[in-house]
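J.: Sequence and predicted structure below; questions after.
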Amino acid sequence: MSEAVLVKLGGSLITEKDRPDTARVEVIERLAGEIADVWPTDRGLVLGHGSGSFGHESARRHRIVEEGIATPDRSAGASRTQAKAMRLHGIVTEALREAGVPVFSLSPGSAAVSSSARPVSFHVEPVALALSWGLLPVTYGDVVLDRERGAAILSTEVVFRELAGALPAHGWRVDRVIWLGETDGIYDAQGEPIPSVSAANAASVKALVGGSASTDVTGGMAHRLDAALWLAEHGIVSWIGDGTEPGVLARALRGQETGGTRVAPAAG
């Protein structure tokens, strides 16, 4: 069984959250360079990213989360939202190619089907094959077709959960997950990073965590923490850190995380 690391670049990190359809190109290029600095890694790597001010703003405006595509207007909105998410995805993948990383783009909209906004199928073999052939699979939060609602949003957090559950059947075990945003982990009531979260303090930490200060239809930090806790229940460590600090991603990929918040499985 080979090991893989999942990395998410948060939408608030790689886009201007208060300016629709505006990428932080300099940040994206720096992060791509940090990945290139450690490429190839001694483990498989899967990169995911949020949609930030591209997909989230469009999904909110067209009420995809609340209403799916029940009307012709919603259908057009779902199409536009998908196009915006793909546009940002193109910026991210092109930066990685320019940095010398052999990326392979994977769209959840072509791999997943949901029912009442919950994934019911996810074709994971292309991810495993990309890993096996030395490519960097890159995925993102996307619009997917839904059996009841027509369309739904599948966040990168949910994609990572699906990958963690399904990749072992294809010879890859997710070892850990790195979540990068604009904050140095999860903050306590005094605004200080909480060093670690486990089953023992999960309830109190969840009470502190809100959604997102920007438009985030998937729930921001609260959604990320839920995903990390689910992963911890399945034996997978998460680390939530500050991607605005140069060098943090490269160090994390080398297993040298400092600061931030670690979400760990129960001991034993």
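T.: Arrived safely. Residues are numbered from 1 along each chain as shown.
J.: Let me see the mean pLDDT of the longest strand along the chain.
T.: The single longest strand within the chain, with elements called by DSSP state E, is strand 172-181. Averaged across strand 172-181, the pLDDT comes to 97.
J.: One more: stretch 135-155?
T.: Average pLDDT, stretch 135-155: 92.
J.: For that stretch, output the C-alpha coordinates as PDB.
T.: The C-alpha coordinates for stretch 135-155 follow below in PDB (Å, rounded to 0.1, in the frame of the first residue of the first chain):
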ATOM      1  CA  LEU A 135       1.500  12.800 -12.000                       C
ATOM      2  CA  LEU A 136       0.000  15.400  -9.600                       C
ATOM      3  CA  PRO A 137      -3.800  15.000  -9.600                       C
ATOM      4  CA  VAL A 138      -5.400  18.400  -9.100                       C
ATOM      5  CA  THR A 139      -9.100  18.700  -8.200                       C
ATOM      6  CA  TYR A 140     -11.400  21.400  -6.800                       C
ATOM      7  CA  GLY A 141     -14.800  22.200  -5.500                       C
ATOM      8  CA  ASP A 142     -17.300  21.800  -8.300                       C
ATOM      9  CA  VAL A 143     -20.900  21.700  -9.500                       C
ATOM     10  CA  VAL A 144     -22.000  18.000  -9.800                       C
ATOM     11  CA  LEU A 145     -25.200  16.500 -11.200                       C
ATOM     12  CA  ASP A 146     -27.700  15.500  -8.600                       C
ATOM     13  CA  ARG A 147     -30.400  12.900  -9.000                       C
ATOM     14  CA  GLU A 148     -33.100  14.800  -7.100                       C
ATOM     15  CA  ARG A 149     -32.000  18.500  -7.300                       C
ATOM     16  CA  GLY A 150     -30.400  18.500 -10.800                       C
ATOM     17  CA  ALA A 151     -27.200  20.000  -9.500                       C
ATOM     18  CA  ALA A 152     -25.300  20.400  -6.200                       C
ATOM     19  CA  ILE A 153     -22.000  21.800  -4.900                       C
ATOM     20  CA  LEU A 154     -19.300  19.200  -4.100                       C
ATOM     21  CA  SER A 155     -16.700  20.900  -1.900                       C
END
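J.: Any buried residues in it, and which?
T.: 135-146, 149-155 (16 or more other C-beta atoms under 10 Å). C-beta coordinates here come from the backbone N, C-alpha and C atoms, glycine included.
J.: One more: stretch 36-48?
T.: For stretch 36-48, using 16+ other C-beta under 10 Å, the buried residues are A36, W39, R43, G44, L45, V46, L47, G48.
J.: A151 should be in a strand, yeah?
T.: Yes - according to DSSP: H, G, I helix; E, B strand; the rest coil, A151 belongs to a strand.
J.: residues in contact with it?
T.: I64, G68, I69, R74, S75, A78, V143, V144, L145 (C-beta atoms under 8 Å, 6 or more residues apart in numbering).
J.: which element follows the helix or strand of the chain with the lowest mean pLDDT toward the C-terminus?
T.: Within the chain, no helix or strand scores below helix 64-67, which has a mean of 67 by mean pLDDT, DSSP states H and E. Scanning forward in sequence from helix 64-67 by DSSP states H and E, the next helix or strand is helix 72-98.
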